[in-house]
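A.B. asks: I would like the atomic coordinates for the input below:
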Amino acid sequence: MFLGASASSKREMQGKVPGHLLLLSAVLALSAFLNLSRLRSEGYANVYYAATVKDMLASWHNFFFASYDAGFVSVDKPPLGFWIQAASAYLFGFHGWSILLPQALAGVLSVALLYYLVRRSFGPVAGLLAALALALTPISVATSRHNNLESLLALTVLLAAWAFILAAETGRLRWLVVGALVVGVGFNIKMLEAFLVLPAFYLLYLVAAPVGWRRRVIHLGLATVVIVAASLPWVVAVDLTPADQRPYVGSSSFDTETDLIVGWNGVERLAGSDKDVGDPGPFRFFDPQLGGQIGWLLPLAIVGLVAASWRSWQRRPRLPLSRKEDQALMLWGTWLTSQVVLFSVAGDWDPYYLVMLAPAVAALVGVGVVALWDDYRSPGWRGWLMPLTLLGTASLQLYILVHYPHWSHWLAPTIAILCLAAAGSLVVTRPTPRLRVSGYPLAAISVGILSLFFAPSVWAASTMWYGAETRAPIAGPKIVAGETSSRFGSDGDEVAPMVDYLEANQGDATYLVAAIDSGVASPIILNTDEPVIAFGGLEGRDPVFSIKRLAGLVNQGSVRFFIIKERDIEHAAKLGTARGHLKLDEQVPRLEQLPHLKARLKALEDFHEMKEVRWITDTCERVPQGLWQSSTSKSSNSTVLLYDCGTGAL
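C.D. replies: Predicted structure coming up:
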């Protein structure tokens, strides 16, 4: 379709395409449809983040510190993305769709911006193909329909890329500073994840800026200072605030944002292990966990990068790179390769992180198709790369589809037949000069390329029909029936019957309830207008309170009810048995002697959790399940327990 709209020469290919703005409008309309349709079906998406936004709207203190609960523990991310969501909820009312709206719009804007960035260097055909590829990238659509912050971050880094491109073309420091400031903004959305694009940005300026080498290095040094200065003001403000005047920094080990950046959101992502992203290595992008999210067009992008780089090398460009095409190829190529390497070796991350890779994949799909088409029309062996690439990409798509038999029984034959027909037509017509200049090869390659978009289109569209409250956004049909990525659904079902009982018996208590973790607290926060405490933070491991402080809240009448889980009691009992006769002041020195810091921190967290849970079970009275759970409830064997501390405290 897009190739058929182009002229037959490279000059015309890079010039204006009749109706290209109309085609762009169609691509943007498609993106808006995928991102916005049935948005209400997503509910609150990640209820941990949704509860954070609701509590941030309760007070300026909660808003500034990004408090998850009633001001005692913060969310495990920086605040800017949640500030944007809170602004949307303030304008349109607090609903699921109002906190998802900013991400959906950011996804559409990212498609438009990528089109502009690719078009200015490689022409409208490449720009349109890149925009279409990004609009149909399944994981990009999934995150655009979710309250995770990746869509906002992707738009931010694309804006930064625009500034760095202008800086590389002009050598002007002001554009470099603008780009650095925008990267700093990205840091305040998702911390170190915003820095994943810096190798591509820095290398681009280093090899392309039309100024001397010494000046380039100085400029990049200044840009680094600007990035740090733009990234850290909120972090410094939080860490300098006395701990008793702000929430505990959720998911940190030492109650500082600096530790959260370096630890939970830093080293842990590299050194940890997560089965959700498959085994380390470059082939993990085609595993069931990741293949359906971004692997469909990755081979086409890689071959396209090689083909375009070969053509660039033939021109023997000198440093600094002066042509826009060479500069853009440097940017997108480095962006792709650096992140493919990182995600191949990193151990603990979620599939939605691949949104950071999506712009480079999409851009190189557009650039690569144009380069492969030019090679096809030129003499030489590289002309055979186009049909071979179609067949190779289709083969990998069929490999991914093997894991989805319900869908592959019709998708696989469709893709195979169309790609074989297109590749065969290209092979037959290439040796024939008369046919080679006709529209027949254009039709063949258009059919072949568009057939490669079928599977990602289905996966992207599936996000509209599989909407649910999930911790992490993911696209595509489920491999196993009933499979869900939600960690909150079961807890939400179990604590829902408690709400009426808690509200009826709250009395003069300031807080409705104190819950062990966010899985229990979030549904209550979202379904009531009363303040709730999450005394264990996200996963119940954060040392938010000391026993003395908890007892003080109870004695003051500020909180009466506590919710814990059976597994927490069992875990506390095991820790108590392991501790034996050791006293508290004897335990910490022994922990200091553990050889690995991670083991020490884990032991400290477990020991702290044991104290809290044991104090609740020893001091407070368990509320019989029959008092708060209706006879028609589905959770007859609840694993959450309610304790009433109104009759006794330390």
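A.B. asks: CA atoms only for stretch 143-157, dumped as PDB, please.
C.D. replies: The C-alpha coordinates for stretch 143-157 follow below in PDB (Å, rounded to 0.1, in the frame of the first residue of the first chain):
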ATOM      1  CA  THR A 143       1.200  -0.200  27.800                       C
ATOM      2  CA  SER A 144      -0.800   2.600  26.200                       C
ATOM      3  CA  ARG A 145      -3.900   1.000  27.700                       C
ATOM      4  CA  HIS A 146      -2.400   0.700  31.100                       C
ATOM      5  CA  ASN A 147      -1.400   2.900  34.000                       C
ATOM      6  CA  ASN A 148       2.200   1.700  34.000                       C
ATOM      7  CA  LEU A 149       4.400   4.700  33.000                       C
ATOM      8  CA  GLU A 150       6.200   3.300  29.900                       C
ATOM      9  CA  SER A 151       4.100   5.100  27.300                       C
ATOM     10  CA  LEU A 152       4.800   8.400  28.900                       C
ATOM     11  CA  LEU A 153       8.500   7.600  29.100                       C
ATOM     12  CA  ALA A 154       8.600   6.500  25.400                       C
ATOM     13  CA  LEU A 155       7.100   9.800  24.300                       C
ATOM     14  CA  THR A 156       9.600  11.600  26.500                       C
ATOM     15  CA  VAL A 157      12.700   9.900  25.100                       C
END
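A.B. asks: That stretch: how far from the chain's middle?
C.D. replies: Stretch 143-157 sits 7 Å away from the centroid of its parent chain (C-alpha atoms, centre = their mean, to the nearest Å).
A.B. asks: Make residue 1 into 22 and carry on from there
C.D. replies: Let's use 22 as the start, then, which means that last one is stretch 164-178.
A.B. asks: Find out how far the longest helix belonging to the chain is from the centre of the chain, if you would.
C.D. replies: Counting residues, the longest helix found in the chain (DSSP state H) is helix 117-143. For helix 117-143, the gap between its own C-alpha mean and the chain's C-alpha mean amounts to 15 Å (C-alpha atoms, centre = their mean).
A.B. asks: After that helix, heading C-terminal, what element do we hit next?
C.D. replies: Beyond helix 117-143 on the C-terminal side, the first helix or strand identified by DSSP states H and E is helix 145-156.
A.B. asks: Which strands or helices does that next one pack on?
C.D. replies: helix 41-57, helix 117-143, helix 379-397 (3 or more C-beta pairs under 8 Å, 6 or more residues apart in numbering; DSSP states H and E). (Each C-beta comes from the backbone N, C-alpha and C, glycine too.)
A.B. asks: tell me the most buried of these?
C.D. replies: Of all the helices and strands packed on helix 145-156, helix 379-397 has the most neighbours on average by mean count of other C-beta atoms under 10 Å, namely a mean of 27.
A.B. asks: Return the set of buried residues in the helix or strand just after that one.
C.D. replies: The element immediately downstream of helix 379-397 (helix or strand, assigned by DSSP H and E) is helix 406-422. By 16 or more other C-beta atoms under 10 Å, the buried positions in helix 406-422 come out as 406-408, 410-415, 417-419, 421-422.
A.B. asks: Looking at the helices and strands packed on helix 145-156, spot the one closest to residue 321.
C.D. replies: When the helices and strands packed on helix 145-156 are ranked by distance to residue 321, counting by C-beta to C-beta, first place goes to helix 379-397 at 5.5 Å.
A.B. asks: So what's the model's average confidence on the closest one?
C.D. replies: Helix 379-397 shows a mean pLDDT of 96 in the predicted model.
A.B. asks: got the angle between it and helix 145-156?
C.D. replies: Computed with axes from the mean of the first three to the mean of the last three C-alpha atoms, to 10 degrees, the direction of helix 379-397 lies at 140 degrees from that of helix 145-156.
A.B. asks: Report the distance from helix 379-397 to the chain centre.
C.D. replies: On C-alpha atoms, centre = their mean, the centre of helix 379-397 falls 25 Å from the chain's centre.
A.B. asks: Kindly export that helix (C-alpha atoms) in CSV.
C.D. replies: These are the backbone C-alpha positions of helix 379-397, laid out as CSV (Å, rounded to 0.1, in the frame of the first residue of the first chain):
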residue,chain,number,x,y,z
ALA,A,379,9.9,-0.4,20.2
PRO,A,380,10.7,3.0,18.6
ALA,A,381,14.0,1.7,17.3
VAL,A,382,12.5,-1.5,15.9
ALA,A,383,9.7,0.4,14.2
ALA,A,384,12.0,3.1,12.8
LEU,A,385,14.3,0.4,11.3
VAL,A,386,11.4,-1.5,9.8
GLY,A,387,10.6,1.7,7.8
VAL,A,388,14.2,2.4,7.0
GLY,A,389,15.0,-1.2,6.2
VAL,A,390,12.1,-1.8,3.8
VAL,A,391,13.1,1.3,1.8
ALA,A,392,16.7,0.2,1.7
LEU,A,393,15.8,-3.4,0.8
TRP,A,394,13.6,-2.1,-2.0
ASP,A,395,16.3,0.1,-3.4
ASP,A,396,18.7,-2.9,-3.3
TYR,A,397,16.1,-5.1,-5.1
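A.B. asks: Low-confidence stretches in the stretch 572-671 of the chain?
C.D. replies: Within the stretch 572-671 of the chain, the segments meeting pLDDT under 70 span 595-631, 651-659, 668-671.
A.B. asks: And the chain, by the same measure?
C.D. replies: For the chain (pLDDT under 70), the answer is 22-39, 295-296, 337-341, 452-459, 488-490, 499-514, 595-631, 651-659, 668-671.
A.B. asks: where do the strands sit along it?
C.D. replies: Under the criterion DSSP state E, strands of the chain are mapped to 534-536, 553-555, 582-586, 642-643, 661-665.
A.B. asks: now, of the ones you listed, which is deepest in the fold?
C.D. replies: Stretch with highest mean neighbour count among the strands of the chain: strand 534-536 (a mean of 30; mean count of other C-beta under 10 Å).
A.B. asks: who touches stretch 357-373?
C.D. replies: Residues outside stretch 357-373 that contact it (C-beta atoms under 8 Å, 6 or more residues apart in numbering) are 160, 163-164, 167, 169, 171, 217, 220-221, 289-295, 297-298, 301-303, 305-306, 310-311, 314, 322-323, 326, 374-375, 377-378, 381-382, 385, 493-495.
A.B. asks: what do you get if the cut-off is 6 Å, keeping everything else the same?
C.D. replies: 164, 169, 171, 217, 220, 289-295, 301-303, 311, 314, 378, 381, 493-495 (C-beta atoms under 6 Å, 6 or more residues apart in numbering).
A.B. asks: can you check stretch 48-56 too?
C.D. replies: For stretch 48-56, with C-beta under 6 Å, 6+ apart as the criterion, the contacting residues are 125, 128, 129, 132, 133, 152, 153, 156, 162, 165, 481.
A.B. asks: and these, which two are the farthest apart?
C.D. replies: Comparing every pair within the contacts of stretch 48-56 by C-beta to C-beta identifies 125 and 153 as the most remote, at 18.0 Å.
A.B. asks: Next up, the contacts around the closest residue in space to residue 264 that isn't next to it in sequence.
C.D. replies: In space, residue 264 comes closest to residue 276 once its chain neighbours are excluded; the distance is 5.8 Å by C-beta to C-beta, 6 or more residues apart in numbering. Listed by C-beta under 6 Å, 6+ apart, the contact partners of residue 276 are 264, 269, 270.
A.B. asks: how near is the nearest residue to residue 324 once chain neighbours are set aside to residue 73?
C.D. replies: Computed as C-beta to C-beta, 6+ apart, the closest residue to residue 324 that is not its neighbour in sequence is residue 410, at 4.7 Å. If you measure residue 410 against residue 73 using C-beta to C-beta, to the nearest Å, the figure is 45 Å.
A.B. asks: what do you get for residue 523?
C.D. replies: With distances taken as C-beta to C-beta, residue 523 is found 21 Å from residue 73.
A.B. asks: out of those two, which sits in the busier spot?
C.D. replies: Residue environment comparison for residue 523 versus residue 73 gives the larger neighbour count to residue 73, 30 against 22, counting by other C-beta atoms under 10 Å.
A.B. asks: circling back: who wins for proximity to residue 632 among the helices and strands packed on helix 145-156?
C.D. replies: Judging those by C-beta to C-beta, what sits closest to residue 632 is helix 117-143, at 35.4 Å.
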